[in-house]
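Chemist: Fold the following, please.
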Amino acid sequence: MQNNNGKSGAQFTRRSLLIGAGVSVGAMGLAGCVTDDGGMSLAEAEKHYGAVADKKFPIAAVDISSVDRKYFRRTVNYESSEAPGTIIVDSANYFVYRIEGDGKATRYGANVGRQGFLWHGEAYIGRKAEWPTWTPPPEMIKRQPEVAKYARGMPGGPENPLGARTLYLYQNNRYTLYTIYSTSEPDTIGTNLTSGCTGLLTQDMIDLYDRTTVKTKVIVMQA
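Modeler: Next up is the predicted model:
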C-alpha cells in the first residue's frame, strides 16, 4: 500500500491504490509508557534520509522539509513488557516502535489507515519482501476496476504501491492483507491515508526491515 503526490498520472495511480483496498480483522491493544526528549537535528536527518544506492532501484533522498521533526527516527524511553524486537504500531499517534530492551525503543513516524479502515490486533511477521509484487485484493478490484490489469500482480519497482520493503502481517498462518510498507511520500507521514496498512519512510523501513525476522510479534494498538 502506498501513495504519491499526484504530480503525474502514474503518481496519482499510486495514491489511489493506497486508498483503494481494505479489510477488517480482530482486535486488541497495548499501552506503553514513553518519554520523549530532544530529537534528531536537521543535519542528522539529512544524513539518515539521504539517497540510497539500493541493489535493484535507486532510492531518492527524502524531502525532510515535508516531515514534522517529531516523526524523524529516534531512540526513546519506552517501558514495555514485550520482548526486544517486538513491533508496536501506535496508530493514534502515527508512530511505530521497535522494542530494544532496557526501557528503550526505536521510534519511526508513520502513516496509518483512514477512518473505516483502521485495524488493530496482534499479529506476526509471516514473510518479508524486497521490492515485492503487489496484487490488488478482489474487494479493491470491485471498487476500482482500473486495477484489474494487476490481478496477476504488479512487478516490484518505484511505482509499485508496496515500495522497496514490505513486512506482511499474519494471524494463525494466514495473511491478514495488512502490511508495514515503505513510502516515498514524506507528506503522508502523520496522516490517515491508507486502507489499513502502515507506511514508513523508505529509509526508516529499510532500517526496520533489516532488523526484523519472520515470526516477529506485531501489536497494532487501537486508535
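Chemist: quick one, helices of the protein?
Modeler: Counting by DSSP state H, residue ranges of the helices within the chain are 9-20, 42-48, 138-143, 202-210.
Chemist: Wait, Lys128 touches Val214, no?
Modeler: Yes. Look at Lys128 against Val214 with Cβ atoms under 8 Å: they come within range, at 6.3 Å. For the C-beta atoms, the positions are set from N, CA and C on the backbone; glycine is no exception.
Chemist: quick one: which of these two has more around it?
Modeler: Neighbours were counted for Lys128 and for Val214 using other Cβ atoms under 10 Å; Lys128 has more, 16 against 12.
Chemist: Grab the nearest non-local neighbour of that one.
Modeler: Leu167 (5.7 Å; Cβ to Cβ, 6 or more residues apart in numbering).
Chemist: got a list of what that neighbour touches?
Modeler: Neighbouring residues of Leu167 by Cβ atoms under 8 Å, 6 or more residues apart in numbering: 87, 125, 128, 179-181, 208-209, 212, 218.
Chemist: In the chain, where is pLDDT below threshold?
Modeler: 1-38, 115-117, 195 (pLDDT under 70).
Chemist: can you pull out the strands in it?
Modeler: Secondary structure of the chain (DSSP state E): strands located at 33-35, 74-79, 87-90, 95-101, 104-109, 112-113, 121-130, 165-171, 174-183, 192-194, 198-201, 217-220.
Chemist: just those: most buried one?
Modeler: When the strands of the chain are scored by mean count of other Cβ atoms under 10 Å, the highest mean neighbour count falls to strand 198-201 (a mean of 28).
Chemist: what does that strand rub up against?
Modeler: Outside strand 198-201, the residues that touch it by Cβ under 8 Å, 6+ apart are 1-3, 18, 49, 62, 67, 89, 91, 96, 108-113, 163, 178-186, 188-189, 205, 208, 220.
Chemist: One more pass at 6 Å, please.
Modeler: The list of residues contacting strand 198-201 from outside it, by Cβ atoms under 6 Å, 6 or more residues apart in numbering, reads 62, 89, 108, 110-112, 180-181, 183.
Chemist: what separates the spatially closest residue to Ile180 that is not a sequence neighbour from Glu79, distance-wise?
Modeler: Spatial nearest neighbour of Ile180, excluding adjacent residues (Cβ to Cβ, 6+ apart): Leu167 at 4.4 Å. According to Cβ to Cβ, to the nearest Å, Leu167 stands 24 Å off from Glu79.
Chemist: got it, and Glu122?
Modeler: Plainly put, Glu122 is 19 Å away from Glu79 if you go by Cβ to Cβ.
Chemist: What of Arg107?
Modeler: From Arg107 to Glu79 the distance is 13 Å (Cβ to Cβ).
Chemist: Work out which residue lies at the spatial centre of this structure.
Modeler: In the chain, the residue lying closest to the centroid (Cα atoms, centre = their mean) is Gly199, at 2.3 Å.
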